[in-house]
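Student: fold the following and give me the result.
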Amino acid sequence: MIAVLCGGVGAARMLAGLQAVVDPGEIVAVVNTGDDTELHGLHVSPDLDTITYTLAGAVNPATGWGLRDETFHAMDGLERYGAITWFRLGDTDLATHLYRTGRMREGATLSQVTGEISRAWGLGVRLVPMSDDPVRTRLRLADGREVAFQEYFVKLRHSVVVDRVRFEGAERATPAPGVLDALGSADIVVVAPSNPVVSIGPILAVPGVAEVLKARRHSVVAVSPIVAGAALKGPADRLLVELGGEASAPGVARFLSSFAGTLVIDEADAQRRGEVEQAGVRCVVAPTVMRTPELAAGLARAVLGARGMAAGPSGPRGAAFDA
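Tutor: Numbering: from 1, shown residues only. So this is what the prediction gives:
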């Protein structure tokens with residue numbers, strides 16, 4: 001069994017690559033919910049939905065999130081009333097949020113609803129939120145304001161300087177059912193190429209998760225989301241620097257070294273292998289930029305190979321990726 005720590009587009013593509021080379025039923029994805037928010041009275045889980053739509057082959061290939069061929073008539077109508085529309089929810093996407101919110105108001109947990117949504121989309125990979133309890137990523141900006149993650153990421157277009165990140169509610173949260181079992185018993189734990197600060201960080205903040213990973217550090221394989229000093233998507237590079245780290249493969253190694261024994265870095269960073277290993281992390285060099293399903297499958301094989309696990313022939317599932 002393979003357990004994967006996940007957040008956002010990079011994780012979705014990594015999972016698509018994994019399910020192309022191994023039985024999807026052998027994969028458990030532990031997904032960040034620190035990005036979750038409430039909009040228009042609806043519970044929105046952006047990372048869970050991005051992964052769901054990607055694995056189902058329904059994601060918008062131009063953005064890596066949302067649904068392909070989406071319309072936005074509801075948002076246009078809300079704009080007429082002066083409602084919040086900087087976070088654009090598509091008309092078909094709204095059905096997911098309506099269903100999730102209704103079920104949770106009936107008493108279902110986020111884990112239960114995630115399972116129902118996954119089955120409705122025909123997923124073989126098991127998606128598990130990191131916790132059924134609310135944990136919310138909050139960022140303090142250099143000007144002293146503190147904002148929720150979606151305000152930082154979408155409204156402010158992550159173009160502002162951050163000097164502190166915290167995960168509100170994490171200390172009171174418990175891992176969702178199955179999380180610790182999956183992380184403890186998997187043959188390999190993969191840390192997807194997600195933002196280490198705001199995608200992986202919230203998962204680690206849930207009590208018990210970091211301890212399980214540290215206890216089996218030798219079998220935790222991470223993929224660097226930084227290639228040639230830059231993030232392919234999002235603000236991972238800037239956040240690492242703003243919080244006192246380095247936007248580089250060695251910087252990622254140092255950030256993850258307490259619980260990840262191996263780091264897969266891109267060929268563009270091959271010359272920095274020694275610096276990664278100086279951080280006490282075994283280094284594997286492979287193509288990590290997943291522009292196509294075939295490249296994602298190749299990366300999946302490299303990750304599994306780093307742990308000595310065999311992978312079957314490629315048969316990429318899901319939507320084509322965009323560069």
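Student: could you pull out the helices for the stretch 201-323 of the chain?
Tutor: Residue ranges of the helices in the stretch 201-323 of the chain, as given by DSSP state H, counting those that start in this stretch, are 201-205, 209-215, 236-242, 249-256, 273-278, 293-306.
Student: just so I know, which of the ones you listed lies nearest residue 12?
Tutor: helix 293-306 (9.5 Å; C-beta to C-beta). Every residue, glycine included, has its C-beta placed from N, CA and C.
Student: how far away is residue 29 from residue 226?
Tutor: 22 Å (C-beta to C-beta, to the nearest Å).
Student: between these two, who's got more neighbours?
Tutor: For the pair residue 29 and residue 226, the greater number of neighbours falls to residue 29 (30 against 26), based on other C-beta atoms under 10 Å.
Student: who's that one bridged to?
Tutor: residue 4, residue 127 (DSSP bridges).
Student: flag the shaky bits of the stretch 201-323 of the chain, pLDDT-wise.
Tutor: Along the stretch 201-323 of the chain, the model assigns pLDDT under 70 to residues 309-323.
Student: convert the C-alpha atoms of stretch 156-174 to PDB, please.
Tutor: Taking Å, rounded to 0.1, in the frame of the first residue of the first chain, the C-alpha atoms of stretch 156-174 are listed here in PDB:
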ATOM      1  CA  LEU A 156      -4.300  38.900  -3.100                       C
ATOM      2  CA  ARG A 157      -2.800  36.600  -5.700                       C
ATOM      3  CA  HIS A 158      -0.100  35.600  -3.200                       C
ATOM      4  CA  SER A 159       1.700  38.700  -4.200                       C
ATOM      5  CA  VAL A 160       2.300  40.000  -0.600                       C
ATOM      6  CA  VAL A 161       5.100  39.200   1.800                       C
ATOM      7  CA  VAL A 162       4.300  36.700   4.600                       C
ATOM      8  CA  ASP A 163       6.200  36.700   7.900                       C
ATOM      9  CA  ARG A 164       4.300  33.900   9.800                       C
ATOM     10  CA  VAL A 165       2.000  31.000   9.100                       C
ATOM     11  CA  ARG A 166      -0.100  29.200  11.600                       C
ATOM     12  CA  PHE A 167      -2.700  26.400  11.500                       C
ATOM     13  CA  GLU A 168      -5.700  27.500  13.500                       C
ATOM     14  CA  GLY A 169      -7.400  24.600  15.300                       C
ATOM     15  CA  ALA A 170      -4.600  22.100  14.600                       C
ATOM     16  CA  GLU A 171      -3.800  21.600  18.300                       C
ATOM     17  CA  ARG A 172      -7.400  20.500  19.000                       C
ATOM     18  CA  ALA A 173      -7.700  18.400  15.900                       C
ATOM     19  CA  THR A 174      -7.500  14.600  15.600                       C
END
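Student: from the chain's centroid, how far away is that stretch?
Tutor: Relative to its chain's centre, stretch 156-174 lies at 15 Å (C-alpha atoms, centre = their mean, to the nearest Å).
Student: fine by me, we can end here.
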